[in-house]
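Novice: Predicted structure and sequence below. I'll ask about it afterward.
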Amino acid sequence: MKVKESKFISGNEAVAYGAITAGCRFFAGYPISPSSEIAENMSYLLPKYGGKFIQMEDEIASIGAAIGASIAGKKSMTATSGPGFSLKQENLGFACMAEIPLVVVDVMRGGPSTGAPTSPAQADILQSRWGTHGDHPIIVIAPTMVQEIFFEVIRAFNLAERFRNPVVLLIDEINGHMRAKVDIVDESEVEIWHRPKPENPVGWKTPYKRNEELVPLMPDFGDGARFNITGLDHSETGFPTGDPKVRQQLHYYLRDKIEKNKDKMIKSEYLNTEDAEIMVIAYGSTARSAMRAVEVLRSEGVKVGLFRPITLYPVPEKEIFEVCENVKKIVVPEMNLGQYVLEVERITKGKIPISKVNRTDGEPITPEQIIEAIKD
Amino acid sequence: MKVKESKFISGNEAVAYGAITAGCRFFAGYPISPSSEIAENMSYLLPKYGGKFIQMEDEIASIGAAIGASIAGKKSMTATSGPGFSLKQENLGFACMAEIPLVVVDVMRGGPSTGAPTSPAQADILQSRWGTHGDHPIIVIAPTMVQEIFFEVIRAFNLAERFRNPVVLLIDEINGHMRAKVDIVDESEVEIWHRPKPENPVGWKTPYKRNEELVPLMPDFGDGARFNITGLDHSETGFPTGDPKVRQQLHYYLRDKIEKNKDKMIKSEYLNTEDAEIMVIAYGSTARSAMRAVEVLRSEGVKVGLFRPITLYPVPEKEIFEVCENVKKIVVPEMNLGQYVLEVERITKGKIPISKVNRTDGEPITPEQIIEAIKD
Amino acid sequence: MMAETKEKKHEIVIIEKNCKGCEICVEFCPTNTLGMHMGKCVVVDLDKCIGCKMCEIRCPDFAIFVDNPYAENFKKNK
Amino acid sequence: MMAETKEKKHEIVIIEKNCKGCEICVEFCPTNTLGMHMGKCVVVDLDKCIGCKMCEIRCPDFAIFVDNPYAENFKKNK
Amino acid sequence: MARKDIDYSKYLRLEYIPHIWCPGCGHGSIMKSIIRAVDELNLDKDKTVLVSGIGCSSRIVGYMDFNTLHTTHGRALAFATGIKLARPELNVIVASGDGDATAIGGNHFIHACRRNIDITLIVFNNFIYGMTGGQYSPTTPVGSYASTSPYGNIDPSFNICRLAEAAGATYVARANVYSIAQADNFIKKGIQNKGFSVIEVITHCPTYYGRKNKLKTPADNLRWQKEVSVSIHRAKKMTPEELEGKIITGEFVNKSEEEYTEKYERLIIEKAQGKI
Amino acid sequence: MARKDIDYSKYLRLEYIPHIWCPGCGHGSIMKSIIRAVDELNLDKDKTVLVSGIGCSSRIVGYMDFNTLHTTHGRALAFATGIKLARPELNVIVASGDGDATAIGGNHFIHACRRNIDITLIVFNNFIYGMTGGQYSPTTPVGSYASTSPYGNIDPSFNICRLAEAAGATYVARANVYSIAQADNFIKKGIQNKGFSVIEVITHCPTYYGRKNKLKTPADNLRWQKEVSVSIHRAKKMTPEELEGKIITGEFVNKSEEEYTEKYERLIIEKAQGKI
Amino acid sequence: MIERYEIRFAGSGGQGIITAGIILGEAAAIYDEKFAVQTQSYGPEARGGASKSEVIIADVPISYPKATHPDLLVALNQESFDKYSKDVKEGGIVIVDSDYVKVPEEVEKKFKIYHIPIIETARNEIGKIFVVNIIFLGAVQEITGIVSHDGLEKAILNRVPKGTEELNMKAYEAGIRLAKEVK
Amino acid sequence: MIERYEIRFAGSGGQGIITAGIILGEAAAIYDEKFAVQTQSYGPEARGGASKSEVIIADVPISYPKATHPDLLVALNQESFDKYSKDVKEGGIVIVDSDYVKVPEEVEKKFKIYHIPIIETARNEIGKIFVVNIIFLGAVQEITGIVSHDGLEKAILNRVPKGTEELNMKAYEAGIRLAKEVK
Ligand SMILES: Cc1ncc(C[n+]2csc(CCOP(=O)(O)OP(=O)(O)O)c2C)c(N)n1
Ligand SMILES: Cc1ncc(C[n+]2csc(CCOP(=O)(O)OP(=O)(O)O)c2C)c(N)n1
Ligand code: SF4
Ligand code: SF4
Ligand code: SF4
Ligand code: SF4
Ligand code: SF4
Ligand code: SF4
Ligand SMILES: [Mg+2]
Ligand SMILES: [Mg+2]
């Protein structure tokens, strides 16, 4: 891979650079700590590439504009933190329903409510899955390292475009603000996906006709197809329908688009898992503490491994089940009061004791805390 | 119990009458199908009791005004449906954090997004638990019968006041619009709780000092105590704090207020569960289909029972575990793609096969569908 | 020209499936050309029509056209 | 009265812990009575003070008071 | 312009006609106005986008043969802003109800006015929330009845055009469906204006507003519009007392100021790319 | 009024002073204005409620010894409306930043104006989002730099007072922290007005706006205010060209119209209870 | 003892279908002191369109509140008849508007079908189209007796707009009379 | 090989603490081609107040990015010193501003403590208070050698505002000189 430039930048900056490489050409946002640097960097970078940055009047308008731009054919992104993420939920659901590619970044901070705006947390995990009303398909990615953020943003865009679905990228205050060396590469160096479209969009009348991956073949507005997009239950034509069969089918499609393609979405990292007797499951910046804990304990001869889901949703059920099958204990550290651990509990069917390591005081979980829980 | 009046009314109307009996004297809302009749009835009833109804500019403002009125001492309610429920999430989190009593009604309709505005669904279940950012305490009630709605609204207000926490009441389009005879009773006929307050509010400086139930003793605005309320992490005084210990303690309090009092919140119904070999777990209006299924099958000699959680959150973990301990199969019908069943899966630890009955085509789940799943 | 117009009857096309019977055309027709039958608009006396197109313009439902060559398009669908 | 005012020096109270050194008082004092030292406002020459209270009014931090009997209240806390 | 023989069908998706609006609902008349305006301007249908929120009026997108987008309640302008900024060559028209535009959508409304982005907003003002069953809206007249104002509405109304003007829109006009030719004309001029345009069209909801407020038939509603309307020219000569309860129609703003996407190109893109 | 010896401490929570605002931030000056106004009016502290949203300005609630409520960003007026309607006997004051009041809170702003509910809104307009690090706001002047307008801002600004007037507020005035006595006076009159009052106070954020726009010291910022301000009386005699870049201070609206909670009592409660 | 009696009314929006369900349910639940639930469904948020209302009446508490195999169907137009008649219980009762519904012969035999000129009577005899629902309620009472005459009368009077009581009573009686004629 | 070298800078807002961390991290990561991460924490959304910045430097990839037992602490005021000195590794390096920090005797023995008049130098020698951070970076380079002189110089020049390069180089040299004086 040819590195275009190496920069000592924060995770939030890496989001912006990654987005540019992914082909993002539209950003609409509303400032909020600790995500604002994403908007700031986009406001500076986008126009250089002929893209557009706009600061909207609030988060609702921001995601609305971002969806609009995506409908008009631009790869599009918005970024926010907890309170803004809550506000975006209604329109996020619209994008799920209308199948509009979109990347939504949530840089998590202490909650609930205004909480602790400049402190880290990982407490929007289940919200990222269930925050909007109605069953809806969603992809959630939570990278750990700053360099990884750069590439995962690109992957987020690829998944969003390929599956015409919003992708939520969960960063947290720690890796959002942490600086490290990031190798920035050009689009020619990475895999770039574009949204599926009909071969000849002119006059295309079935924007929700699906390809073999169950993804609709939808032209962009202005491409010469005059179709309709709605948040109502709709048929293949994009027009509202009251037909129970068609409605049920639509909801199944939305579910199956994720369910049947989940192997193309799931990505995880395995660290010393093969012979592990104790498995740590950690994501986001907490995984760095877990890595350190594993480092330290392995040097003491303790057989501990780390499973790090990078894609949180769809849940890597098979992967978690398998990686935990032969362990004696699972440790799940999270900067919340226990969220993803509920998935782990469900998947591992109560067979293996689970130790939770949680804190929500605005301080990171330390390697020592995890070590303690492992040894306990 | 002395019945004041018997009326043939809908579930939505029952919400309004129940609220009045519970002592609700403030309602702020924004119309949305299929919840609007709640607002309409409140606009008519409240002024008769000296209460206030206001139609705000949107759902965000509605819950904001409702919280404001509660802070000023009124028992307060707002009502909406999916899209509006999504919009209310940020301020709902504020009420959780600031511990403001409040009842939020969500009359569920087809989703995601605009979905199917006049069709029933039960797809906001996990959203009601996890919709706002950050870990937060919440109580969720999902009544079934129209008469029950009347009493459960009262219970919702009692829990909201007693524990100074928002309570979400989940109705669905079916029982919200279904009419049946409702016996309306006066407040003198039912247990009515009021929010805990300090004995002498004048000059009270520690609004977040807690009683033995971990509930803050907070005066109302205007009571003679000049204190501060914020959505930021705060100490006993109500003022923001950056002290990790105090912050952690606050989040534990918020969690434990629910966790430790959950027996006072949980309410469930058991129908033919004692000797059941197959257990149906159903809530809201789907439970009526389940009742019919049990009726029919029992008459055929099938040993099937129904466990009906009326309080969905806190999850009746013990109750579900116990009621399912000796059964061979669990059937969970829901008008969604499988939400509460995830809790059931987790609680029953994969020991018992679970059969899901789902539909999201805007039609109710029929007794036949459930019967089929039971027999399957 | 004048003569011709007077002689020639105006062509009023009513698209029955579109008409919702709101009676706007009837009420605003200056010559009482139109009336209602079984909940739909009907021409009562074509001779009275002066071709002012008031009905066409006011109809919210694309249900009545006067001397409009494109009226037929509304008959085609469904 | 006039005489008395002229003779009596004005009492300038600076609440050091409140002063953030923004220099607004210094810049807007019409008589150069005030100055800065180690990032805080100080009285450079009390004699110059004409008691106009411009400093008190403009200070955003409750850090300077002139002939204000209540100034002491700000010393009490913490 | 209204008298020309016009082929409405050219702009319609005939398979969805008849539309869902109630008998005599004014929304259908506004749709026809839009067709006449668009036809007159000869807009390229492929390059025209019609965006709406949620409400009876918002259902218009299903019927018109453009690139159509039915968004969430109140948010049409936000989506439209994204579309226009992403592809400035598209004609972007937004249709919105009084509730959609000025209740839940009020903020997007004033901000779109402020930015002066080249979008044409047509507000279907029927003084009520039609879709949800007749609750009062921010434009419901004081004293009127609605399903949430059983004792009569006490909330003062917005003057949508005044608000648009104060917020910065560069074309602002009010018409009604009674004087339909004026509506055609204002919509046409709004689309022509290079900047943000607001055309408020007074319409009627016989089903809810009418029924509750002694305007029984659609025709009654139209006649009421005629009665209460006063042209801006006549209004200038009237006293405040005489204007009580009247609705002023006409053009309130028609000015030229640099449009947002052009400014973006000229001042931001060019600067960022070092061209200026 | 400003020259009286005033006991600021009476209205403050001294244990939280010094406040968190940056050196020379104008927000402290506005807080002092509020204290002087409230002191002059002799408001009962126990019956006074101060509500804010989120922003540097919104932190004011922590310092003032009233019933104080720090809500969510942009929503203070919604909460305040609930409080006032629930307990009309309370004095309700809302403090808000330019972002809080007119960006995310813009809709609640215009609707509170429309209802004419007896709340006094004080907008701390520093032309920037201070709290989040200096991004441009709906009032940032065109051409100014902010952390999200690295090429200079192109978004036209709101005229907050004009918007308030068009939306229906019954007391509307603009002051600045340079002419502090005028601010005191307008705030006092706003609180006295029985209805919705908007007092926009021009203030400064030396840390972000100042630093990026060549207004280095707090004093520079104050002097800039003096330079650009023109009284409403003088403005009337100036041409549009002369007014370019100027900020007009003074009272724009001061009228009497029945207040919302009173109307509610008189027209709704009494009707519902069969008294009228 | 009635274990479960399922009723479905179907027609188009504006024919008072839903109100009819409410009145019938109220008569049963409040005045006759039986158990009753009423439900309805709208078209897809549309005005007008199809309208359906169901009432279940029983002497015991009702579990499932929707009609699956109605004992009684009232269909005011062809579309409703075509869509819903197939669900009706074998031998069940079907009341149709004689002017608007054509019943195929083979169907005629499966149910007890009553053809009544409901709309025509409303329009021409009573002179107000909005009493359509009260007319068919009268017929339902007469034909099924599922609610008492007095109970239904009270429920009608409780639910119709003030000032229209007399008109509605006339319609009620007309419905009873028409039913008697075809019984 | 450095397995992990932990650095913490602490002072109050406006002293360039965070920028110093970034510059040091960049010197290590970009110019010296080591591994480095930099993190920071703000007060509770407040302006001013306490400010803290941490840099970890290593020759191997870094897992946990926060300093738990710093090898080096720079404390510009008493509060920072009191709060953070206890975490410093036994025998670690502590650089304090000699005018603003008083070190208790028992603590003096635990660490290698350098008292340097950082702020005073910025104010009086360089004449600009904003170079405080560059001065202490110079001292850090001189005392620890954890980054190269050239690497740090490049990083400084890359990160300081245009037009202030010379001033900052003066400050950098002053820092080195001061460190030499107390070494
Ligand atoms: C977030 C949200 N809130 C509320 C609604 C319900 N709703 C749909 S349309 C509407 C108002 C319709 O009124 P208006 O915009 O005036 O349009 P009209 O129907 O009168 O044409 C409302 C409140 C919704 N769909 N989404
Ligand atoms: C929902 C939400 N969005 C965004 C933010 C982040 N935020 C906090 S304050 C603020 C703006 C502050 O600007 P202003 O209101 O002008 O107040 P100032 O700080 O300038 O006094 C923003 C965007 C938030 N807290 N909540
Ligand atoms: S064209 Fe004129 S006269 Fe002829 S029917 Fe229509 S309205 Fe009447
Ligand atoms: S105006 Fe149109 S819809 Fe109305 S009655 Fe006449 S033709 Fe029919
Ligand atoms: S009172 Fe006036 S003269 Fe005296 S120090 Fe203050 S500003 Fe200067
Ligand atoms: S104005 Fe106040 S804070 Fe500023 S320097 Fe003077 S005394 Fe200090
Ligand atoms: S409800 Fe009102 S606005 Fe909606 S379609 Fe019917 S008449 Fe029109
Ligand atoms: S950032 Fe700006 S607005 Fe905020 S306290 Fe500092 S100077 Fe004031
Ligand atoms: Mg409307
Ligand atoms: Mg501001």
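Specialist: Cool, got the structure. Ligands and ions are numbered 1, 2, ... in the order given.
Novice: can I assume A:E40 sits in a helix?
Specialist: Yes. If the criterion is DSSP: H, G, I helix; E, B strand; the rest coil, then A:E40 is within a helix.
Novice: Model confidence at it, what's the number?
Specialist: Per-residue pLDDT puts A:E40 at 98.
Novice: repeat for G:G13
Specialist: pLDDT, G:G13: 81.
Novice: swap in the one 4 residues further on?
Specialist: Turning to G:I17, the model gives it a pLDDT of 94.
Novice: who's in contact with it?
Specialist: G:9-11, G:40, G:51-53, G:76, G:133 (C-beta atoms under 8 Å, 6 or more residues apart in numbering or on different chains). (Glycine included, C-beta is placed from N, CA and C.)
Novice: can you pull the contacts of residue 176?
Specialist: Let's take chain A. By C-beta under 8 Å, 6+ apart, the contact set of A:G176 is A:10-12, A:15, A:34-35, A:37, A:107.
Novice: that's the wrong chain, I wanted chain E
Specialist: E:182-183, E:201-203, E:225, E:229, E:247, E:249.
Novice: Please identify the helix or strand for A:S86.
Specialist: Using DSSP states H and E, the element containing A:S86 is helix A:82-98.
Novice: helix or strand right after that helix?
Specialist: strand A:102-110.
Novice: How about that next one and chain E, touching?
Specialist: No. In terms of C-beta under 8 Å from any C-beta of the partner chain, no part of strand A:102-110 sits within range of chain E; the closest distance is 10.5 Å.
Novice: Neighbouring strands - and their directions - for the helix or strand following that strand?
Specialist: Using DSSP H and E, the helix or strand that follows strand A:102-110 towards the C-terminus is strand A:116-120. Using DSSP bridges, the strands paired with strand A:116-120 are strand A:102-110 (antiparallel).
Novice: is the strand it pairs with anywhere near ligand 2?
Specialist: No. Strand A:102-110 lies out of reach of ligand 2 by C-beta under 6 Å from any ligand atom, never closer than 9.6 Å.
Novice: Just the angle for that strand relative to helix A:82-98, thanks.
Specialist: Interaxial angle of strand A:102-110 relative to helix A:82-98 (axes from the mean of the first three to the mean of the last three C-alpha atoms, to 10 degrees): 150 degrees.
Novice: re earlier: by neighbours, which of the contacts of G:I17 wins?
Specialist: With neighbours taken as other C-beta atoms under 10 Å in any protein chain shown, the top of the contacts of G:I17 is G:F9, carrying 32 neighbours.
Novice: Run the chain-centre distance for the helix or strand containing that residue.
Specialist: Using DSSP H and E, G:F9 falls within strand G:5-12. In terms of C-alpha atoms, centre = their mean, to the nearest Å, the centre of strand G:5-12 is found 6 Å from the chain centre.
Novice: Repeat that for stretch A:235-244.
Specialist: 29 Å.
Novice: and the residue of chain C found nearest ligand 6, how many neighbours?
Specialist: Relative to ligand 6, the nearest point of chain C is C:P60 (66.9 Å; C-beta to the nearest ligand atom). Applying other C-beta under 10 Å, we find 26 residues neighbouring C:P60.
Novice: give the contact list for it.
Specialist: Per C-beta under 8 Å, 6+ apart, neighbours of C:P60: C:22, C:24, E:21, E:24-29, E:31-32, E:218.
Novice: Touching, E:K47 and A:G222? I think so.
Specialist: Yes. Using C-beta atoms under 8 Å, E:K47 is in contact with A:G222, at 6.1 Å.
Novice: Could you tell me how many residues sit around A:L126?
Specialist: Counted with other C-beta under 10 Å, A:L126 comes out at 22.
Novice: what do you get for the one 4 residues further on?
Specialist: The local packing of A:W130 (other C-beta under 10 Å) involves 23 other residues.
Novice: what's the distance between it and ligand 9?
Specialist: Going from A:W130 to ligand 9 by C-beta to the ion, to the nearest Å gives 33 Å.
Novice: tell me the contacts of that residue?
Specialist: In this structure, A:W130 makes contact with B:126-127, B:129-131, judged by C-beta under 8 Å, 6+ apart.
Novice: could you dump those residues to CSV with distance to A:D183?
Specialist: Listed next are those as CSV, based on distance: C-beta to C-beta, whole Å:
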residue, distance to A:D183
B:L126, 39
B:Q127, 40
B:R129, 41
B:W130, 36
B:G131, 38
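Novice: Return the closest of the residues you listed with respect to A:Q147.
Specialist: B:W130 (30.7 Å; C-beta to C-beta).
Novice: can you give me the helices in the stretch 251-376 of chain A?
Specialist: Taking DSSP state H, counting those that start in this stretch as the test, the helices found in the stretch 251-376 of chain A are A:262-265, A:286-299, A:317-324, A:340-347, A:367-375.
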